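Asker: Only the shape, not the letters, is given here:
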């Protein structure tokens, strides 16, 4: 099964030689799922030929806002709608979560209470799942086709599903705690309140549910592929 990774942003220049770009993060996260991958840098206007260029797509995080007037935003929104209409499964992470919601008729804004960074716990029904987060923007108005499947006190619409074809998460299941620490130093200081960064860095060694989310994402793609 071929998964297309749509990079909506790039890892910080200061870190990319060490960590790889965001597509590398997802290939590592899903290393046990048996997928093949192809990356398109949509942030640089490198788009797939169409929804069937892959069996499913992952939309990555980004330093950009979904509401910004950037050249790649409108084409990406149209690609999302076309892919949904074609019933090709998509997974959106952080910015990917937000841009899918916006493309489908929802609203994304800067959260009035600011940032969420580092280790956070979300409720998925009766299950609690801990992931690393790094965002100020949030989905504030749901699209008509979206249903909430994950939430927290700080992020009401933390995970969404759109029928059987889209699964999105505001947090970053692909982020290791060590990368959060590096982000704090390269992109965080002077932007995110120091207290939040210090609290996030202090928890980098605490466990998160990366393997559980990897299996959930992998199962989502495989089930949709089997159904089609």
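Answerer: Perfect, thanks for sending it. These numbers were taken from a predicted model, which means no experiment stands behind them. Residues are numbered from 1 along each chain as shown.

Asker: Parallel or antiparallel, which strands does the host helix or strand of residue 150 pair with?
Answerer: Per DSSP states H and E: residue 150 is located in strand 146-150. The strands beside strand 146-150 in its sheet (DSSP bridges) come out as strand 159-162 (antiparallel).

Asker: May I have the beta-bridge partners of the spatially most central residue of the chain?
Answerer: What sits nearest the mean C-alpha location of the chain, by CA atoms, centre = their mean, is residue 93, with 0.9 Å. Beta bridges link residue 93 to residue 169, judged by DSSP bridges.

Asker: same question, residue 146
Answerer: Residues in beta-bridge contact with residue 146 (DSSP bridges): residue 162.

Asker: Based on its surroundings, how many neighbours for it?
Answerer: If you count neighbours by other CB atoms under 10 Å, residue 146 ends up with 21. No exception for glycine: its C-beta is placed from N, CA and C like everyone else's.

Asker: Could you point out the longest helix of the protein?
Answerer: helix 210-227 (DSSP state H).

Asker: can you pull the buried residues of the strand holding residue 150?
Answerer: Across strand 146-150, burial judged by 16 or more other CB atoms under 10 Å covers 146, 149, 150.

Asker: how far out from the middle of the chain is it?
Answerer: Here strand 146-150 is found 15 Å from its chain centre; the criterion is CA atoms, centre = their mean, to the nearest Å.

Asker: again, but for stretch 118-136
Answerer: Per CA atoms, centre = their mean, the centroid offset for stretch 118-136 relative to its chain is 13 Å.

Asker: sorry, back to before: nearest to residue 16 among the buried residues of strand 146-150?
Answerer: residue 150 (29.3 Å; CB to CB).

Asker: how about the nearest residue to that closest one, chain neighbours excluded?
Answerer: residue 159 (2.8 Å; CB to CB, 6 or more residues apart in numbering).

Asker: Next up, the contacts around that neighbour.
Answerer: Neighbour list for residue 159: 97, 122, 124, 148, 149, 150, 151, 167, 168, 169, 170 [criterion: CB atoms under 8 Å, 6 or more residues apart in numbering].

Asker: Recalculate using a threshold of 6 Å.
Answerer: 149, 150, 169 (CB atoms under 6 Å, 6 or more residues apart in numbering).

Asker: Name the residues that touch the strand holding residue 150?
Answerer: 122, 124, 157, 158, 159, 160, 161, 162.

Asker: Around the residue lying closest to residue 34 once chain neighbours are set aside, count how many other residues there are.
Answerer: Excluding its sequence neighbours, the residue lying closest to residue 34 (CB to CB, 6+ apart) is residue 1, at 7.4 Å. When neighbours are defined as other CB under 10 Å, residue 1 has 15 of them.

Asker: Quick check: the gap between residue 1 and residue 88.
Answerer: The gap separating residue 1 from residue 88 is 12 Å, by CB to CB, to the nearest Å.

Asker: With residue 3 instead?
Answerer: Distance from residue 3 to residue 88, by CB to CB: 11 Å.

Asker: Looking at the two now, which is surrounded by more residues?
Answerer: residue 3 (25 against 22).
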